[in-house]
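S.K.: kindly generate the corresponding structure for this input.
(2 chains)
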There are 2 protein chains.
Amino acid sequence: MQERDHLYERTIRSEQIYDGKIIKVKVDEVLLPNGKTGKREIVHHQGAVAVLPLTDEGKLVVVRQFRKPLERTIVELPAGKLEPGEDPLACAKRELAEETGYQAEQFTHLSSFYTSPGFADELLHLYVATGLRPGAVRPDEDEFVEVLALSLPEAKALHERGEICDAKTVLALFAWENRVLKERG
Amino acid sequence: MQERDHLYERTIRSEQIYDGKIIKVKVDEVLLPNGKTGKREIVHHQGAVAVLPLTDEGKLVVVRQFRKPLERTIVELPAGKLEPGEDPLACAKRELAEETGYQAEQFTHLSSFYTSPGFADELLHLYVATGLRPGAVRPDEDEFVEVLALSLPEAKALHERGEICDAKTVLALFAWENRVLKERG
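M.R.: Here you go, the predicted model:
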């Protein structure tokens, strides 16, 4: 990879800790640039997609769902995990339809980013979906969501109140506001 | 918490998988809203801060560092983990100084968000730092970073090339552009 990079940390030993349904966990012992050794705790995740769906009326379609790590419900972009080998765009179309019922005429890639590169390799692909047409909701068997459509001020107010509080959705709010600011010239 | 919320997932059983330096991992068996049971894999993280440092010349100060989960170096906002009980603002000042050498006259809270609420509880507090004054870099013992200062077009180009590729930094680029668009009126 980047063996010759002077910041590179070579793996000396790797221990698998957990092999789950969503995540795998390992601890690597690494050789640091100063010649000492260190431990790196690493969560492997297969990656995910999220969709920023904008209606013809300029509203953002979001879902409210319970998040066990937070022990509460939050309001987020429609999103989901990639199946092994799945094309991110196909996954985005599937997740939007499953969670919100919407089909979209246009999907535009906005950005792909690692959610927390200090300890996890989860890569999230974010698409803007426009030309939305409603349809039937088909969530996963263990997924329970409510669908909302928010104006930009409504979405910003939900962020202020802490109901919109995850990285991909906050990122999407800034991206959406930029789009609005640029359209206004 | 939200026991009466119809989306709530009550814990039936919880199994600790790993108790590490940076993360803890557990698997909860939960009662789903449809009466069935499900498993939730949960990574606990103590939380973190990130700083969006803008120089008087309108440049963004970032750090290049190796990220073991990605097996490569990436360019990111200065950031770091919260110590137990540490005030996020104090942590932001400490991390900015340690990683970049800069002291800042003003710190403004921009947003706090969960990096990946599907499997992790890591909460990241993001501050804008202005009125920057250079000083000596004092990184952690196992931390090796290079400091860069980027214009907005340079930062967007690094994102296009995949060198800026993590949620907090991409979010910061959109927030920074937002600020620039609003200043231009």
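S.K.: quick check on the residue of chain A most remote from its centre: phi, psi?
M.R.: Within chain A, the residue lying farthest from the chain centre (CA atoms, centre = their mean) is residue A:35, at 36.0 Å. When read as degrees, to the nearest 10, the backbone of residue A:35 gives phi 90, psi -10.
S.K.: who's in contact with it?
M.R.: For residue A:35, the contact set (CB atoms under 8 Å, 6 or more residues apart in numbering or on different chains) is empty. From N, CA and C alone the C-beta is placed, and that goes for glycine too.
S.K.: how near is it to chain B?
M.R.: The spacing between residue A:35 and chain B, counted by CB to the nearest CB, to the nearest Å, is 12 Å.
S.K.: swap in residue A:13?
M.R.: 13 Å.
S.K.: any idea which element the closest residue to that residue other than its chain neighbours lies in?
M.R.: Spatial nearest neighbour of residue A:13, excluding adjacent residues (CB to CB, 6 or more residues apart in numbering or on different chains): residue A:29 at 4.3 Å. Here residue A:29 sits within strand A:23-31, counting by DSSP states H and E.
S.K.: mind checking the longest helix of chain A?
M.R.: Longest helix in chain A by number of residues (criterion: DSSP state H): helix A:167-183.
S.K.: which parts of chain A are strands?
M.R.: A:10-19, A:23-31, A:37-45, A:48-53, A:60-67, A:72-76, A:79-81, A:103-114, A:123-133, A:145-150 (DSSP state E).
S.K.: most neighbours per residue, which of these?
M.R.: Across the strands of chain A, the average number of neighbours (mean count of other CB atoms under 10 Å in any protein chain shown) peaks for strand A:48-53, which reaches a mean of 27.
S.K.: ok, residues contacting that one?
M.R.: With CB under 8 Å, 6+ apart as the test, strand A:48-53 has contacts from A:60-61, A:76-82, A:88, A:91-92, A:95-96, A:100, A:102, A:104, A:107, A:110, A:122-130, A:132, A:168-169, A:172, A:175-176, B:118.
S.K.: where does the prediction get shaky in chain A?
M.R.: Within chain A, the stretches with pLDDT under 70 are A:1-4.
S.K.: follow-up on the earlier one: name the residues linked to the residue nearest to residue A:13 by a beta bridge.
M.R.: Residues in a beta bridge with residue A:29, per DSSP bridges, are residue A:13, residue A:39.
S.K.: give the contact list for it.
M.R.: Contact analysis of residue A:29 by CB under 8 Å, 6+ apart lists A:11, A:12, A:13, A:14, A:37, A:38, A:39, A:40.
S.K.: my read: the last one touches residue A:12, true?
M.R.: No: Residue A:40 sits out of contact with residue A:12 when judged by CB atoms under 8 Å, with a separation of 10.8 Å.
S.K.: now do the shared contacts for the two.
M.R.: By CB under 8 Å, 6+ apart, residue A:40 and residue A:12 have these common neighbours: A:28, A:29, A:30.
S.K.: picking up where we left off before, looking at the strands of chain A, spot the one closest to residue A:163.
M.R.: Of all the strands of chain A, it is strand A:72-76 that lies closest to residue A:163, at 4.9 Å by CB to CB.
S.K.: that closest one vs strand A:60-67, what angle?
M.R.: Angle between the axes of strand A:72-76 and strand A:60-67 is 160 degrees (criterion: axes from the mean of the first three to the mean of the last three CA atoms, to 10 degrees).
S.K.: what's strand A:72-76 in contact with?
M.R.: A:50, A:62-67, A:148, A:158, A:163-166, A:168-169, B:1-2, B:5, B:7-8, B:114, B:117.
S.K.: just checking: what are the partner strands of it?
M.R.: Strand A:72-76 sits in its sheet next to strand A:60-67 (antiparallel), going by DSSP bridges.
S.K.: coming back round to it: just so I know, which of the strands of chain A lies nearest residue B:71?
M.R.: strand A:10-19 (8.8 Å).
S.K.: that closest one - contacts with which helices or strands?
M.R.: strand A:23-31, strand B:10-19 (3 or more CB pairs under 8 Å, 6 or more residues apart in numbering or on different chains; DSSP states H and E).
S.K.: about what we covered before: how about TSV for the shared contacts of residue A:40 and residue A:12, with distance to residue A:46 added?
M.R.: Shown next, in TSV, are these (distance: CB to CB, whole Å):
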residue	distance to residue A:46
A:28	19
A:29	25
A:30	23
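S.K.: surely residue A:123 meets residue A:47?
M.R.: Yes: counting by CB under 8 Å, residue A:47 is a contact partner of residue A:123 at 4.6 Å.
S.K.: on that earlier part again, put the alpha carbons of the strand holding residue A:29 into PDB.
M.R.: What follows is strand A:23-31, C-alpha atoms only, in PDB (Å, rounded to 0.1, in the frame of the first residue of the first chain):
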ATOM      1  CA  ILE A  23     -19.100  -5.500  12.400                       C
ATOM      2  CA  LYS A  24     -15.900  -7.400  12.800                       C
ATOM      3  CA  VAL A  25     -13.400  -6.200  15.500                       C
ATOM      4  CA  LYS A  26      -9.600  -6.800  15.500                       C
ATOM      5  CA  VAL A  27      -6.600  -5.500  17.400                       C
ATOM      6  CA  ASP A  28      -3.400  -4.900  15.500                       C
ATOM      7  CA  GLU A  29       0.000  -4.400  17.100                       C
ATOM      8  CA  VAL A  30       1.800  -2.000  14.800                       C
ATOM      9  CA  LEU A  31       5.300  -0.600  14.400                       C
END
